[in-house]
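Enquirer: Okay, predicted coordinates and the sequence, questions at the end:
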Amino acid sequence: MARRVHTTEVGCIACEELGELGAGKEGWLVDTPNLLCAIDTHCIALANRSVIVVLGWAEPDGNRVKIRPELSPIEAEFVTAIEWLVFDEMRVVVAGTSAGYLLFYSLAGRLIHKQMVYPARIIRLRVRGTKRDLSHDTSSEEVCVVMPGILARFDGSDIQNKLQQWFQETQSQFWDRNRRSDDLGNSYGKLPYQLWSVSKYGSCADAAITGIMPPPLMEIQSSEHYFCGITVGEDAVISAFRLSEDKNRSFVGAILSKVVPATFSTIASFSKLIWRSEQTSPKKLDETPQPFARASPLTCLKDFPRKGEKLTLSPSGTLAAITDSLGRILLLDTQALVIVRLWKGYRDASCLFMEMLVNKNTAASSSRYYEPTKSDYCLCLVIHAPRKGIIEIWQMRTGPRLRSFVCAKGSKILQPTYRFGSSIASPYVPLEVFLLNGDSGQISVLNRTL
């Protein structure tokens, strides 16, 4: 009987450039502190505190770029989050720092844009979007920035416009070669964004914006958009908020909007007295944090000593897989805000959603020329349990376990980021999950068929 194959090798990233990130010793991918990974369909970005390495894995001689962000030594700033932003014709790497900055880099390692979000550590960057179809009345594409007790949202179209402007400028024949690289990163102004404080139930370890939600009952006629925000953390395992575009702030937000700018102004004035220089310094953007918009608490789950750790969203945003400190995985319906499923015995687990061809034995799918459509795929949850050394795939929402197999120690599951602007009419690309073996450098994709 032939041995069943659960993964397919698609590339390898083993190279000398990884030595600076700790490669070369067994288990470096999962044991190295502050090591970050983000994968795309052709490249992978890995980062530690002060360096970002971009490697092309689809080809043997893929692109290799090493980026060293300009970080503040006074604040001991370091890289804390990394993600890809992929548009139809553009692909960039965005990094978040411990000082609350976003840094956008081209594949050549050039700084495109630098912007302060809020003076706090950026925990995670989330890229997601929904297209207008039968199940969604509106389309939404966004980048969500997660900080302790704070959520920020950047609209995908605003980011795309800024990137297009930068790429057009760099390709122009009249490019000023004498311009400083740090000026290029701030030459087009700040990206507009929305900011919310979601710390009512304590600081969060992870969070996400799940999508647009209906307005409160007394505001049905309002044209304002409301978003649903889900947080997980130490004090409350799960919390939910209605995030408003309204600039009317809470009492805490009003105080912070007055105190923080005043504090920054005092620090800046004091610094000028100490570091006064006769040389002209490059023009800096106003880095005063913007005020918080309104965030109304909806519900929370407190279950001491359980602590929420990580959160993973389904493509539509209607389901969230949440891991906690007791080794459990909670499946949350983000619209009804109820737990619909629970798994036990998965300490230090990682979860990602993927789509599989579960019921493919039909007359149409048996044809050699049949191309599966979105309706042929079934949403599943991939659970990587490193303590058990296995990967499991469960059918959503209440389906059986479809697959369970052993994976190499020191491996990590990854998922390509959402692609902005992809057309509904284009061939459907199912959600995939990749497996990176840190010791061998091998990248494999989980097979979509049983």
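Expert: Sure thing, it's come through.
Enquirer: What is the burial count for residue 158?
Expert: Neighbour count of residue 158, defined by other CB atoms under 10 Å: 15. Every C-beta, even on glycine, is put in place using the N, C-alpha and C of the backbone.
Enquirer: So, low pLDDT: which residues of the stretch 151-300 of the chain?
Expert: 173-188, 218-223, 246-287 (pLDDT under 70).
Enquirer: 50 - rerun?
Expert: Across the stretch 151-300 of the chain, the ranges flagged by pLDDT under 50 are 173-174, 181, 249-285.
Enquirer: Spatially nearest residue to residue 349 (excluding sequence neighbours)?
Expert: Closest residue to residue 349 apart from its sequence neighbours, by CB to CB, 6 or more residues apart in numbering: residue 385 at 5.0 Å.
Enquirer: got the contact list for the one you found?
Expert: 346, 347, 348, 349, 391, 392 (CB atoms under 8 Å, 6 or more residues apart in numbering).
Enquirer: residues in contact with the strand ranked longest in the chain?
Expert: What stands out as the longest strand in the chain, according to DSSP state E, is strand 204-213. When contacts are defined by CB under 8 Å, 6+ apart, strand 204-213 is touched by residues 123-124, 126, 128, 130, 138, 140, 142, 144, 146, 148-149, 151, 153, 198, 225-234, 239, 242-243, 307-311, 313, 316-318, 320, 334-335.
Enquirer: who does that strand pair up with?
Expert: Using DSSP bridges, strand 204-213 pairs in its sheet with strand 226-233 (antiparallel).
Enquirer: May I have the partner strand as PDB, with CA atoms only?
Expert: Taking C-alpha atoms only, strand 226-233 is exported to PDB below (Å, rounded to 0.1, in the frame of the first residue of the first chain):
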ATOM      1  CA  TYR A 226     -19.000  50.400  12.500                       C
ATOM      2  CA  PHE A 227     -16.400  47.600  12.800                       C
ATOM      3  CA  CYS A 228     -16.300  44.700  15.100                       C
ATOM      4  CA  GLY A 229     -13.000  44.300  17.100                       C
ATOM      5  CA  ILE A 230     -12.100  41.100  19.000                       C
ATOM      6  CA  THR A 231      -9.300  41.100  21.500                       C
ATOM      7  CA  VAL A 232      -7.700  38.300  23.600                       C
ATOM      8  CA  GLY A 233      -5.600  38.800  26.700                       C
END
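Enquirer: ok so, going back, put the buried members of the contacts of residue 385 into a ChimeraX selection.
Expert: A single ChimeraX command is used to select the members of those judged buried by 16 or more other CB atoms under 10 Å:
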select :346,347,349,391,392
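Enquirer: For residue 400, state which of the contacts of residue 385 is nearest.
Expert: Distance to residue 400 across the contacts of residue 385 (CB to CB) is lowest for residue 392, with 10.8 Å.
Enquirer: Am I right that the closest one is in contact with residue 400?
Expert: No - counting by CB atoms under 8 Å, residue 392 sits too far from residue 400 to count as a contact (10.8 Å).
Enquirer: So for the residue nearest to residue 349, what's the pLDDT?
Expert: The predicted structure scores residue 385 at 97 on the pLDDT scale.
Enquirer: Could you do residue 421 as well?
Expert: 75.
Enquirer: who touches it in this structure?
Expert: 87, 88, 141, 156, 160.
Enquirer: any idea how far the first one is from residue 56?
Expert: Counting by CB to CB, to the nearest Å, the separation of residue 87 from residue 56 is 18 Å.
Enquirer: Run a quick neighbour tally on residue 19.
Expert: 11.
Enquirer: Look at it and give its secondary structure.
Expert: When classified by DSSP: H, G, I helix; E, B strand; the rest coil, residue 19 comes out as helix.
Enquirer: Closest one to residue 324 out of the contacts of residue 421, please.
Expert: Checking those against residue 324 by CB to CB gives residue 141 as the nearest, at 30.0 Å.
Enquirer: Distance check, that closest one against residue 415.
Expert: 17 Å.
Enquirer: higher neighbour count, these two?
Expert: Remark: of residue 141 and residue 415, residue 141 carries more neighbours, 21 against 16, as counted by other CB under 10 Å.
Enquirer: check contacts around that one.
Expert: Applying CB under 8 Å, 6+ apart to residue 141 gives the contacts 128, 129, 130, 155, 156, 157, 418, 420, 421.
Enquirer: Show the subsequent helix or strand relative to the helix or strand containing it.
Expert: Residue 141 is part of strand 140-147, with elements assigned from DSSP states H and E. Later in the chain than strand 140-147, the nearest helix or strand by DSSP H and E is strand 150-155.
Enquirer: Other residues contacting the next helix or strand after that following strand?
Expert: Downstream of strand 150-155, the next assigned helix or strand under DSSP H and E is helix 156-170. If you take CB under 8 Å, 6+ apart as the criterion, helix 156-170 is touched by 85, 87, 90, 92, 104, 110, 112-113, 129, 141-143, 175, 184, 187-188, 191-193, 420-421.
Enquirer: list the buried ones in helix 156-170?
Expert: 156, 159, 160, 162, 163, 166.
Enquirer: got the contact list for the residue nearest the centre of the chain?
Expert: Central residue of the chain (CA atoms, centre = their mean): residue 126, 2.5 Å from the mean position. The contact partners of residue 126, by CB under 8 Å, 6+ apart, come to 83, 143, 144, 146, 208, 209, 313.
Enquirer: Tabulate those residues (a markdown table), appending neighbour count.
Expert: Putting the contacts of residue 126 into a markdown table (neighbours: other CB atoms under 10 Å) gives the following:
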| residue | neighbour count |
| --- | --- |
| 83 | 22 |
| 143 | 26 |
| 144 | 20 |
| 146 | 26 |
| 208 | 22 |
| 209 | 26 |
| 313 | 22 |
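Enquirer: Would you point out the most distant pair within those residues?
Expert: Greatest spacing in those, by CB to CB: 83 and 209 (14.6 Å).
Enquirer: Quick check: phi and psi at residue 81.
Expert: Dihedral pair for residue 81: phi -160, psi 150, per degrees, to the nearest 10.
Enquirer: residues near it, how many?
Expert: 22.
Enquirer: what sits opposite residue 241 in the beta ladder?
Expert: Residues in beta-bridge contact with residue 241 (DSSP bridges): residue 229, residue 297.
Enquirer: With adjacent residues omitted, what lies nearest to residue 224?
Expert: residue 245 (5.2 Å).
Enquirer: ok, so what distance separates that neighbour from residue 397?
Expert: Counting by CB to CB, the gap from residue 245 to residue 397 is 31 Å.
Enquirer: Same check on residue 124?
Expert: For residue 124 relative to residue 397 (CB to CB), the value is 25 Å.
Enquirer: Just the CA atoms of stretch 330-339, as CSV, please.
Expert: C-alpha atoms of stretch 330-339 as CSV (Å, rounded to 0.1, in the frame of the first residue of the first chain):
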residue,chain,number,x,y,z
LEU,A,330,-11.7,28.1,21.1
LEU,A,331,-13.7,28.5,17.9
LEU,A,332,-15.6,31.8,18.1
ASP,A,333,-18.5,32.9,15.9
THR,A,334,-17.6,36.6,15.6
GLN,A,335,-21.1,37.6,14.5
ALA,A,336,-23.1,35.9,17.3
LEU,A,337,-20.1,36.2,19.7
VAL,A,338,-20.5,32.7,21.0
ILE,A,339,-18.0,29.8,21.3
